[in-house]
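> generate coordinates for the sequence data below:
(chains A and B)
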Amino acid sequence: MTKLWKKYILWFAQEHVDFRVAEFESIVKLFSLQFRNLSEHRLKPFWLVEFPNDETAHQYASRSIALRSIIELYSHAHTFPEFHKQLQNHVHSHQGALKEFFKATSFKITVETYNKHFSQREKVEKIETMDYLPIEGAVNLKNPQVEWWYLEFWGLDPTAVPAEPEDILFGRMLVHGQRHLIKQLSLKQRKFIGNTSMDAQLSLLMANQALVRDGDLVFDPFVGTGSLLVSAAKFGGYVLGADIDFMMVHARCRPSRISQKVREKDESIRANLQQYGCADRYMDVLVADFSNPLWHRRITFDSIITDPPYGIREATEKVETKVNPKDNTRTADMAHYPSTSHYALHHLYADLLEFGAKHLKLGGRLVCWLPFHREDYNESIIPQHTHLRLVANSEQPLAGNAARRLLTYEKHIEYIKEDALNENSNDTQLTTAASQNFRERYFNTNGEIESRQERRMRKAALREQGRLEMEMRGKLPSDGRAKKCDLNKARFN
Amino acid sequence: MKLSTYNFLTSMAIKGVKVGYPLKLTINKKDVIESEFNPVFIQRLLPKLDWSAVYSAAQVAELADDIPAAQPDNVAEDEQLLQRLHHLLFEIDVLEGQLECPETGRVFPITDGIPNMLLNEDEV
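I've put the predicted structure just below:
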């Protein structure tokens, strides 16, 4: 029976679309899964794929964050007659295997339509078109033994819904993905958070990109509040972190929740892990400056997951002597706070890649974010290192013109010291121009400084353009304020 | 700070320091936090550890009787030793203490279980 490959629908959440291919490839690699005939259209929420057995599908679903569910496919077509013909054929030819599901005592069929809304009545009508299915059990909407799903895909563009659905699919619900973790690890309920805590979904995606397995040693050199360590620990990694900010690592910095005046005494990165039941996975956090060597050459990490500071919410700093130190009246017994200076992004990434090349195990992964301006994006702004191969690169748009990319590198050559000495300066290649002024340009939407009047005129022109486009689509522009006034008037007449 | 972390820390960032290892550990206050024994993880960590630093840490933590001074050949098969290593490396948490650079004598304080490895600007 091992040769019986089956078709499945991978149903994805339509969020962080650019990350799902990378995640799929990572999980396939993590469990060495076999698959074939993956559908081409990667933006669609429904992918079709063949797995050798249900177990493979279960393994994939046990880690995927982008995935809603996996449905065992019975029929897929582009037109209704073709769909019903296929479904009848499938039911007929798989009689033996499907018998147990059709004979189950209770069932439920759910209709899901993408990009077009149908009323409950219309949905029931759709279900009734499949009355030839030999279902024997009774309907049970709350707690059915078997769940079937009927899916219609009506394109991706809500402004141009086609006359007929592009895809019609039917199958048996097999297993759900790990999206419940997003809620479970939500920052809203987390004990210790800060301005730069990564949201649960992205940090889980990062842990998947890093191929974190049970018993791995995972390091975050810019740990902050430890939000990336939480997801790594959730997947079984032993976590270690470092940060230059003493107050942050000790959880004594200003609270970032609006309702909170002071940090509670028991807030800490360790407390976060305790909250999610993975306190055993906590190794340590320490206060250290990433630009200086700290770790013994012998230590190797299974993965490095990090979100370096971009200089927007958190300053990019390292310890350094300032060129003109202020003359001050310090005495020897006063506490000394080392002076920090700007840690240019391109230096930071050069150090990060070099660190990864040195301290990752062979095949280990470095997963990090790179901020950039969309207009200067091209392949050449991605930092490169001779010992690291870029395996994934997904974009998340940020405010305005800014965006960031999640970069995943894999170490593919053993680091040899002599080697590095010779070509040290060439190891990391990256264009400095693009990253140098990320902060300055982030705060000026066009990448150049504009006066307030210019900005107002630009925005007004944009609104006018939007209004014209709306009229062209045949939508009447509605004046919200006038509507409200009319409503009020009507109430008094 | 756990004693496993201690095994990897150096002071080589200080100007003029070449090796900066092992750091001299002083424990003023420690805690024992029990955690789940994971033999696979310890076995994977073993080749990365410096045994002399493991032993000196055991001496400071007053557990030297548990750990042999030289690394035995077949640690991975000795379940009892792995258990003791687990206790030494993962369950002892140094709350207050210090790490001292063997070459310059520079002291890195450990407060609330977190070592501060920051250097002053004139030291880097």
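> okay, and the closest residue to residue A:156 other than its chain neighbours sits in which element?
Using C-beta to C-beta, 6 or more residues apart in numbering or on different chains and skipping the chain neighbours, the partner closest in space to residue A:156 is residue A:43 (6.2 Å). C-beta: built from backbone N, CA, C; applies to glycine. According to DSSP states H and E, residue A:43 maps onto no helix or strand at all.
> now residue A:43: how far from chain B?
According to C-beta to the nearest C-beta, to the nearest Å, residue A:43 and chain B sit 40 Å apart.
> what of residue A:294?
Taken as C-beta to the nearest C-beta, the span from residue A:294 to chain B is 6 Å.
> tell me the confidence at the residue in the stretch 1-150 of chain A positioned nearest to chain B?
Using C-beta to the nearest C-beta, residue A:30 is the residue of the stretch 1-150 of chain A that sits closest to chain B, at 16.8 Å. Per-residue pLDDT puts residue A:30 at 96.
> quick check, it in contact with residue A:213.
Yes: judged on C-beta atoms under 8 Å, residue A:30 makes contact with residue A:213 at a distance of 7.0 Å.
> for the two, indicate the residue with more neighbours.
Ranked by neighbour count (other C-beta atoms under 10 Å in any protein chain shown), residue A:30 and residue A:213 place residue A:30 first, with 17 against 14.
> which non-adjacent residue is nearest that one?
In space, residue A:30 is closest to residue A:211, 4.9 Å off (C-beta to C-beta, 6+ apart).
> quick one: average pLDDT of stretch A:411-430?
The pLDDT scores in stretch A:411-430 average 61.
> repeat for stretch A:106-124
Stretch A:106-124 comes out at a mean pLDDT of 95.
> I'd say the residue nearest to residue A:156 and residue A:20 touch.
No: counting by C-beta under 8 Å, residue A:43 does not reach residue A:20; the two are 9.3 Å apart.
> neighbour-wise, which of these two wins?
residue A:20 (24 against 11).
> what does chain B put close to chain A?
Proximity of chain B to chain A, by C-beta under 8 Å from any C-beta of the partner chain, involves residues B:1-2, B:4-5, B:7-10, B:12-13, B:21, B:35-36, B:38, B:40-41, B:44-45, B:48-50, B:90, B:111-112, B:114-122, B:124.
> any idea of the mean pLDDT in whichever helix or strand residue A:305 is part of?
Assessed by DSSP H and E, residue A:305 sits inside strand A:301-306. Summarised as a single mean, pLDDT over strand A:301-306 is 96.
> identify the residues contacting it?
Residues from elsewhere that reach strand A:301-306, judged by C-beta atoms under 8 Å, 6 or more residues apart in numbering or on different chains: A:206-207, A:210-213, A:216-222, A:228-229, A:232, A:237, A:240, A:352, A:355-356, A:359-361, A:364-369.
> filter those residues to the buried ones?
Neighbour-count burial (16 or more other C-beta atoms under 10 Å in any protein chain shown) applied to those gives A:206-207, A:210-212, A:216-222, A:228-229, A:232, A:237, A:240, A:352, A:355-356, A:359-361, A:364-369.
> from these, which land in helices?
A:206, A:207, A:228, A:229, A:232, A:352, A:355, A:356, A:359 (DSSP state H).
> about what we covered before: any of the residues of chain B next to chain A buried? List them.
B:1-2, B:4-5, B:7-10, B:12-13, B:21, B:38, B:41, B:44-45, B:48-50, B:90, B:114-119, B:121, B:124.
> quick one, what contacts the residue nearest in space to the middle of chain A?
In chain A, the residue lying closest to the centroid (C-alpha atoms, centre = their mean) is residue A:202, at 3.4 Å. Contacts of residue A:202 were listed using C-beta under 8 Å, 6+ apart, and they are A:16, A:396, A:406.
> about what we covered before: measure the residue nearest to residue A:30 to chain B for me?
15 Å.
> biggest helix in chain B by residues?
Longest helix in chain B, counting by DSSP H: helix B:51-60.
> give me the distance from that helix to the chain's centre.
For helix B:51-60, the separation from the chain centroid amounts to 7 Å (computed by C-alpha atoms, centre = their mean, to the nearest Å).
> what does stretch A:138-154 give?
With C-alpha atoms, centre = their mean, you get 29 Å for stretch A:138-154.
> can you list the buried residues in it?
A:144, A:146, A:147, A:148, A:149, A:150, A:151, A:152, A:153, A:154.
> by proximity to chain B, which residue of chain A wins?
Counting by C-beta to the nearest C-beta, chain A gets nearest to chain B through residue A:292 (3.6 Å).
> and residue 23, what does it touch?
Let's take chain A. A:64, A:65, A:66, A:205, A:208, A:209.
> let's do chain B instead
Contacts for residue B:23 were tallied using C-beta under 8 Å, 6+ apart; they are B:6, B:9, B:10, B:11, B:99, B:100, B:101, B:102, B:108.
> just residue A:289 next, same as before
Applying C-beta under 8 Å, 6+ apart, we find residue A:289 in contact with A:244, A:318, A:319, B:13, B:117, B:118, B:119, B:124.
> repeat that for residue A:359.
Taking C-beta under 8 Å, 6+ apart, one finds A:219, A:295, A:299, A:300, A:301, A:304 in contact with residue A:359.
> what about the residues you listed, which one has the most neighbours?
residue A:219 (28 neighbours).
> could I get the contacts of residue A:23 as a markdown table with distance to chain B, pLDDT and neighbour count?
Shown next, in a markdown table, are the contacts of residue A:23 (distance: C-beta to the nearest C-beta, whole Å; pLDDT from 0 to 100; neighbours: other C-beta atoms under 10 Å in any protein chain shown):
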| residue | distance to chain B | pLDDT | neighbour count |
| --- | --- | --- | --- |
| A:64 | 25 | 97 | 25 |
| A:65 | 24 | 96 | 26 |
| A:66 | 29 | 96 | 25 |
| A:205 | 24 | 97 | 27 |
| A:208 | 20 | 97 | 24 |
| A:209 | 21 | 97 | 26 |
